[in-house]
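Engineer: Fold the following for me, if possible:
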Amino acid sequence: MHPSSILSYYPTYSVLDEVISQGNYDTLNLYFDLKNNLQSLYMEHTIRNIIDSTTKSGITDSSIFSSIISFIAFHKMYARKRQIKINIYIFFESGTSFFHTNIRKKYKISRRIDDLYGLEREKRELFFTVMHKNLILAERACNSLPGVKLFRMNHLEADFIPYYLISRNLVNTNENTGHIVYSNDHDLLQCLTAGEHVYVFQKAFKTKRLVKSGEALYRSFKVKTTKSDELLPLAMSVIGDTGDDVDGIKGVGPKRALDMMDSLIQLTGGMDLLYDNIMTKQPIFDISRVKTPNKYLNKVITEEENNKLISDNLKLVSFELLSRYLDDPGSIEMVKLREYVNKINDDKTFSLIEPLREAINKLNVVIQEEDLTTIYFGYL
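Structural biologist: Presented below is the predicted three-dimensional model:
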């Protein structure tokens with residue numbers, strides 16, 4: 001299969017040029033939500049082609065890995081033509097997130113039930129085995145490439161990685177660097193509040209667009225508002241997220257939720273204090289601050305008092321909260337994950353092109369020769 005038929009989440013040069021023109025940047029940091037970007041991977045014809053290729057040849061199909069390499073090469077070629085520097089950060093998770101399921105067992109439970117178009121069990125297992133081998137290969141190879149980092153978060157959601165890297169200044173955040181997050185997942189719009197010069201690139205069918213600061217709530221809920229992007233996690237905690245099996249307040253949709261945001265901020269004392277109180281297990285609402293709550297606001301208050309719904313939902317959806325738990329880990333698992341992120345991010349070494357090419361060839365992996373050369377341009 002052609003690499004672009006699996007990983008088709010490509011921007012046009014004009015989209016990337018638009019970002020550069022916004023800030024006159026000489027460096028772009030790109031953050032790829034890998035599983036979200038691999039949208040075509042879960043289409044029936046792709047799955048069957050991968051299974052058939054592996055079965056007939058007896059060799060693990062490597063088109064997923066090849067598509068990732070081609071995707072990186074496309075952006076490296078763009079940087080070469082525009083004479084800018086480009087850094088690429090790829091992220092995905094493996095296994096169920098212990099952090100999230102410990103808060104609510106049904107988190108993303110609907111995603112765990114998939115018969116893959118009615119394929120028999122043996123073929124389903126083969127597909128997932130092939131995918132796993134490709135992703136492990138990608139992890140090893142990408143972290144051997146110049147200017148590329150890949151984070152595979154084991155048993156933890158990986159979506160917060162761009163937010164964490166930018167907000168904690170673990171990447172270059174000077175005014176000459178623009179940051180673009182590639183994802184259709186509206187959760188990733190939280191990254192717009194991670195720092196300055198952050199954009200989100202979304203691609204769905206023929207639509208390609210940049211989401212900029214101030215647009216997170218509208219792009220998430222399609223409700224016009226002038227409220228701050230930082231309220232996105234709070235709004236999500238009230239509305240819920242059906243895609244992730246996060247229940248919200250019954251009868252409260254996006255418009256009602258956004259209408260009550262000012263009152264909720266009054267109740268909490270602001271987002272920072274709200275997060276502080278959740279971290280220290282203190283009550284998040286001070287009802288004395290709002291004299292006459294309406295029935296919907298009362299429902300929010302009651303659900304929090306009785307079930308900790310808002311607090312727990314924020315733990316499930318907020319990148320800032322997850323980042324704080326990584327800053328101050330309360331378990332050995334979180335300590336290890338923080339060490340892993342720092343180790344990958346701090347490692348500035350990369351493999352020479354010839355040993356890497358030989359290793360890839362020994363694994364019978366087919367990639368475009370010019371892709372590898374493009375990726376190493378300027379480092380040879």
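Engineer: hey, let's count contacts and neighbours off CA atoms from now on
Structural biologist: Fine.
Engineer: For the longest helix along the chain, which residues meet the burial criterion?
Structural biologist: Ordering each helix of the chain by length in residues (DSSP state H) puts helix 121-142 first. Within helix 121-142, the residues that count as buried by 16 or more other Cα atoms under 10 Å are 123-124, 126-127, 130-131, 133-135, 137-139, 141-142.
Engineer: Now do the same for Val335: its pLDDT.
Structural biologist: Looking at Val335, its pLDDT is 96.
Engineer: Kindly report the same for the one 3 residues further on.
Structural biologist: The predicted structure scores Arg338 at 97 on the pLDDT scale.
Engineer: from memory it sits against Tyr325, does it?
Structural biologist: No: between Arg338 and Tyr325 there is no contact, the gap being 9.6 Å when judged by Cα atoms under 8 Å.
Engineer: Looks to me like Phe92 is in a strand.
Structural biologist: Yes: assessed with DSSP: H, G, I helix; E, B strand; the rest coil, Phe92 lies in a strand.
Engineer: Domain parsing of the protein, as residue ranges.
Structural biologist: The chain breaks down into these structural domains: 3-213+331-375, 216-317 (assignment by automatic domain parsing).
Engineer: Please compute how far the longest one lies from its chain's middle.
Structural biologist: When distances are taken as Cα atoms, centre = their mean, to the nearest Å, domain 3-213+331-375 is centred 9 Å away from the chain's centroid.
Engineer: same question, the last one
Structural biologist: Domain 216-317 has its average C-alpha position 22 Å from the chain's average C-alpha position, going by Cα atoms, centre = their mean.
Engineer: any idea of the mean pLDDT for it?
Structural biologist: Across domain 216-317, the average pLDDT comes to 94.
Engineer: And for stretch 85-96?
Structural biologist: Across stretch 85-96, the average pLDDT comes to 96.
Engineer: which other residues reach it?
Structural biologist: The list of residues contacting stretch 85-96 from outside it, by Cα atoms under 8 Å, 6 or more residues apart in numbering, reads 26-35, 72, 75-76, 79, 147-159, 161-162.
Engineer: for the spatially most central residue of the chain, helix, strand, or coil?
Structural biologist: Central residue of the chain (Cα atoms, centre = their mean): Asp159, 3.1 Å from the mean position. Taken by three-state DSSP, the conformation at Asp159 corresponds to coil.
Engineer: Likewise for Gln282?
Structural biologist: Remark: Gln282 carries the secondary structure label coil [criterion: three-state DSSP].
Engineer: Kindly report the same for Ser5.
Structural biologist: At Ser5 the chain is in helix, as set by three-state DSSP.
Engineer: Based on its surroundings, how many neighbours for the closest residue to it other than its chain neighbours?
Structural biologist: Distances taken as Cα to Cα, 6 or more residues apart in numbering put Ser40 closest to Ser5, at 6.9 Å, once the chain neighbours are dropped. A count of neighbours around Ser40, defined by other Cα atoms under 10 Å, yields 18.
Engineer: OK, contacts around Ser40?
Structural biologist: When the contact criterion is Cα under 8 Å, 6+ apart, the partners of Ser40 are Ser5, Ile6, Leu7, Ser8, Thr46.
Engineer: When you compare pLDDT across the residues you listed, which one is lowest?
Structural biologist: The lowest pLDDT within the contacts of Ser40 belongs to Ser5, which sits at 77.
Engineer: hmm, who's touching stretch 185-199?
Structural biologist: The set of residues external to stretch 185-199 that reach it, using Cα under 8 Å, 6+ apart, is 19, 23, 36, 159-160, 162-164, 166-167, 173, 175, 177-181, 200, 210-213, 216, 219-220, 229-230, 232-233, 317, 319.
Engineer: for that stretch, which positions count as buried?
Structural biologist: When neighbours are counted by 16+ other Cα under 10 Å, the buried residues of stretch 185-199 are found to be Asp187, Leu188, Leu189, Gln190, Cys191, Leu192, Thr193, Ala194, Glu196, His197, Val198, Tyr199.
Engineer: Distance across that stretch, terminal residue to terminal residue?
Structural biologist: Between the opening and closing residues of stretch 185-199 we find a distance of 14 Å, counting by Cα to Cα, to the nearest Å.
Engineer: where do the helices sit along the stretch 1-150 of the chain?
Structural biologist: Listed from the start of the chain, the stretch 1-150 of the chain has helices (DSSP state H, counting those that start in this stretch) covering 3-6, 13-23, 34-37, 44-57, 63-82, 98-103, 121-142.
Engineer: so what secondary structure elements neighbour the fifth one?
Structural biologist: By that I understand helix 63-82. For helix 63-82, the contact count by 3 or more Cα pairs under 8 Å, 6 or more residues apart in numbering; DSSP states H and E identifies helix 3-6, strand 85-94, helix 121-142, helix 369-375 as packing neighbours.
Engineer: which of the contacts of Ser40 sit farthest apart?
Structural biologist: Greatest spacing in the contacts of Ser40, by Cα to Cα: Ser8 and Thr46 (12.4 Å).
Engineer: hang on, the earlier thing: distance to Lys295 added to the helices and strands packed on helix 63-82, as a markdown table?
Structural biologist: Below are the helices and strands packed on helix 63-82 laid out as a markdown table (distance: least, Cα to Cα, whole Å):
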| stretch | distance to Lys295 |
| --- | --- |
| helix 3-6 | 48 |
| strand 85-94 | 40 |
| helix 121-142 | 48 |
| helix 369-375 | 58 |
